[in-house]
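Peer 1: fold the following and give me the result.
(one chain, ligands or ions: 1)
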Amino acid sequence: MIYILTGGPATGKGTRANILAEALNIPHIATGDMLRKVALKNAEIREKLQKGELISDDVITHLLEERIKEDDCKNGFVLDGYPRTYRQAELLDEILQKQGRKITKVMELVIPDELAFRRILERKKCGYCGAMYGIDFPPKVEDVCDKCGGHLTVRTDDTKETLAKRIETYRKNSRKILDFYKEKGLLLTVDASSNPESVVEDAKV
Ligand SMILES: [Zn+2]
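Peer 2: From the prediction side, this is the model:
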């Protein structure tokens, strides 16, 4: 069981990847988390992350190759944040082939742009305890934190323009990768507007 979850900003990839991994009792591998973990022991990676430098496709794939050899991945895993480039998609095929494994499904999460805007631009944070709220998980009382009663304020680094650009960049970068999986008959497009739990049903082959 090897699943790849992909999707643009605010599609809730991480949440769905977690739900799916838990339901199937396999690990959720988010490559960002994996890199941060490796960086604790690997000075070269640590330095690159600290400087905000890009980790090359070959290096990140090598780390992933080692990660999926671990015992907890023997029944499969859910990937989130990888492949991010066409080269990574090709490399992933190579390492899986070496291990005699195959991708089960690639799930592309899709939401209307308007929902992505609302999910990100209307995100609010408690000024006191830092709890986050959004349109999918609003506080019980408007602008009041459920946990501590603190005041909530809009919290985002994005504007409508930067967000539109991020969505466009995702579409441009992902097209070739998605076509690659479509040709292999692995791609499933999923409506990610609501009910994250539906990912478990969608994942069934
Ligand atoms: Zn609070």
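
Peer 1: quick check, residue 199 in a helix?
Peer 2: Yes - counting by DSSP: H, G, I helix; E, B strand; the rest coil, residue 199 is located in a helix.

Peer 1: need the residues of the chain near the ion, please.
Peer 2: 126, 128-129, 131, 145, 147-148, 150 (C-beta under 5 Å from the ion). Every residue, glycine included, has its C-beta placed from N, CA and C.

Peer 1: need those residues in a markdown table with neighbour count and pLDDT, can you?
Peer 2: What follows is the residues of the chain next to the ion, written out as a markdown table (neighbours: other C-beta atoms under 10 Å; pLDDT from 0 to 100):
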| residue | neighbour count | pLDDT |
| --- | --- | --- |
| 126 | 22 | 94 |
| 128 | 13 | 94 |
| 129 | 12 | 95 |
| 131 | 16 | 94 |
| 145 | 22 | 97 |
| 147 | 11 | 96 |
| 148 | 12 | 97 |
| 150 | 17 | 95 |
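
Peer 1: tell me which of those fall in strands.
Peer 2: Judged by DSSP state E, these include residue 126 as members of strands.

Peer 1: residue ranges with poor pLDDT in the chain?
Peer 2: Counting by pLDDT under 70, not a single residue of the chain qualifies.

Peer 1: that one: strands as residue ranges?
Peer 2: 2-7, 28-30, 77-80, 105-110, 124-126, 132-133, 152-154, 187-191.

Peer 1: give me the contacts around the shortest one.
Peer 2: Counting by C-beta atoms under 8 Å, 6 or more residues apart in numbering, strand 132-133 makes contact with 123-126, 139, 145, 152, 155, all of which sit outside it.

Peer 1: please state the offset of it from the chain centre?
Peer 2: 19 Å (C-alpha atoms, centre = their mean, to the nearest Å).

Peer 1: angle of the longest helix anywhere in the chain against strand 187-191?
Peer 2: As assigned by DSSP state H, the longest helix anywhere in the chain is helix 160-183. Orientation check (axes from the mean of the first three to the mean of the last three C-alpha atoms, to 10 degrees): helix 160-183 against strand 187-191 gives 140 degrees.

Peer 1: if we can go back for a sec, so for residue 69, which of the strands of the chain sits nearest?
Peer 2: strand 77-80 (10.9 Å; C-beta to C-beta).

Peer 1: related to what we said a few turns ago, can you tell me which of the contacts of strand 132-133 are buried?
Peer 2: Of the members of these, the ones counted as buried by neighbours, 16 or more other C-beta atoms under 10 Å, are 123-126, 139, 145, 152.
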